[in-house]
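Peer 1: the following comprises the amino acid sequence and a computationally predicted model.
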Amino acid sequence: MLEREKLLLETENAIRWIKDYVEKVEKKVVVVGNSGGKDSATVIAMSVKAIGKENVISVSMPCHSIDSDFDDAKFVADTFGVKFLKVDLSKAYDKMK
């Protein structure tokens, strides 16, 4: 099998796994931590393909982060058309110091 074909097959297997798992646990929505990076963007994209953008919520959880990190996370959410929440963890982190 060609490498591209293998990659496409594994991608479809991962998407099917997400869909099957969400159905197995009898939920409709997934929540994904969204840093704006490649990993979270990939999980969001696969989740959208598996269960639809209306069933994916992305959450940015900055903690004394630079603004561009939040901007990247917002861009990812907007690109895939998913709901975007921001939960700033800075105050909670400061209290634990």
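Peer 2: Yep, that arrived.
Peer 1: three-state assignment of Val31?
Peer 2: Three-state call for Val31 (DSSP: H, G, I helix; E, B strand; the rest coil): strand.
Peer 1: what's the helix or strand for the closest residue to it other than its chain neighbours?
Peer 2: Sequence neighbours aside, Ile57 is the residue nearest to Val31 in space, at 4.8 Å (criterion: CB to CB, 6 or more residues apart in numbering). In short, each C-beta sits where N, CA and C put it, glycine included. According to DSSP states H and E, Ile57 maps onto strand 56-60.
Peer 1: chain center to that strand: distance?
Peer 2: Relative to its chain's centre, strand 56-60 lies at 6 Å (CA atoms, centre = their mean, to the nearest Å).
Peer 1: before we move on, back to that, what about the residue nearest to Val31, how many residues nearby?
Peer 2: 17 (other CB atoms under 10 Å).
Peer 1: kindly provide the distance from it to Ile66.
Peer 2: 23 Å (CB to CB, to the nearest Å).
Peer 1: by contact count, what packs against the longest helix anywhere in the chain?
Peer 2: Ranked by number of residues, the top helix in the chain under DSSP state H is helix 3-24. If you count contacts as 3 or more CB pairs under 8 Å, 6 or more residues apart in numbering; DSSP states H and E, helix 3-24 packs onto helix 38-51.
Peer 1: pLDDT of the helix it packs on, averaged?
Peer 2: Per-residue pLDDT over helix 38-51 has a mean of 98.
Peer 1: tell me what that helix is packed against?
Peer 2: Against helix 38-51 (3+ CB pairs under 8 Å, 6+ apart) you get helix 3-24, strand 30-33, strand 56-60, helix 67-80.
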